[in-house]
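# I'll drop the sequence and a predicted model, then ask my questions.
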Amino acid sequence: MTERINVADLPELDAGPYLENEAALAAYLTDILAAHDPALSAAPLGDTARARGMTEIAKASGLTREALHKALRPGAQPRFETISPVCAALGVRLMAQAFHS
C-alpha cells in the first residue's frame with residue numbers, strides 16, 4: 001500500500017529557480033492544480049514571477065507590483081481574472097482536461 005503524502009506537511013521550497021521555461025512551469029502548475037487546493041494554486045505563479053522578476057510580470061499582466069505580490073503570496077486565493085493575465089505574462093495558459101472517475 002502506498003502512503004499518501006500531505007502537501008501541507010512538506011517543507012517550503014522556492015521552486016522559482018527550477019522553473020526555467022514554460023514547459024517546466026506548465027508541468028508544475030498541472031501538478032499543483034491536481035491537488036484541488038485553491039490556496040496552493042497561487043504558489044507556482046508567485047515562485048515563477050519572483051524568479052523572472054515581479055516588476056516585469058506585473059507590467060506584462062497589467063497589474064501593479066503590489067497587487068501581484070498580494071495575489072500571489074502564500075495562502076492567497078487569487079481570482080481567475082488575476083490568474084489568467086499572470087499566466088499569459090509567464091507564457092502559459094490554463095486548460096481543462098477530461099478525466100474519468
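Received the coordinates, thanks.

# going forward, measure contacts between C-alpha atoms and count neighbours the same way
Will do.

# I'd like to know which elements the longest helix anywhere in the chain is packed against.
Ordering each helix of the chain by length in residues (DSSP state H) puts helix 38-52 first. Helix 38-52 sits against helix 22-33, helix 80-90, with contacts defined as 3 or more Cα pairs under 8 Å, 6 or more residues apart in numbering; DSSP states H and E.

# mind checking how far the shortest one is from the chain centre?
Right, the one you point to is helix 80-90. 10 Å (Cα atoms, centre = their mean, to the nearest Å).

# sorry, back to before: buried residues in the longest helix of the chain, which are they?
Buried positions in helix 38-52, judged by neighbour count with 16 or more other Cα atoms under 10 Å: 40-52.

# distance to Gln77 added to the residues you listed, as CSV?
Output for the buried residues of helix 38-52, formatted as CSV (distance: Cα to Cα, whole Å):
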residue, distance to Gln77
Leu40, 8
Ser41, 8
Ala42, 7
Ala43, 10
Pro44, 13
Leu45, 12
Gly46, 12
Asp47, 15
Thr48, 17
Ala49, 16
Arg50, 18
Ala51, 20
Arg52, 21
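
# list the buried ones in stretch 26-34?
Those would be Ala26, Tyr28, Leu29, Ile32, Leu33, for stretch 26-34 by 16+ other Cα under 10 Å.

# how about stretch 52-62?
Neighbour-count burial for stretch 52-62, counted by 16+ other Cα under 10 Å, picks out Arg52, Met54, Thr55, Ile57, Ala58, Ser61.

# which of the residues you listed lies closest to Thr82?
Ser61 (8.5 Å; Cα to Cα).

# shaky segments in this protein?
Scanning the chain for pLDDT under 70 picks out 1, 38-39, 101.

# and if we set it to 90?
Filtered on pLDDT under 90, the chain yields the residue ranges 1-48, 50-52, 73-80, 83, 92-101.

# residues contacting the residue nearest to Val86 when sequence neighbours are not counted?
The spatially closest residue to Val86, leaving aside those adjacent along the chain, is Ser61, at 5.3 Å (Cα to Cα, 6 or more residues apart in numbering). When contacts are counted by Cα atoms under 8 Å, 6 or more residues apart in numbering, Ser61 is found next to Pro85, Val86, Ala88, Ala89.
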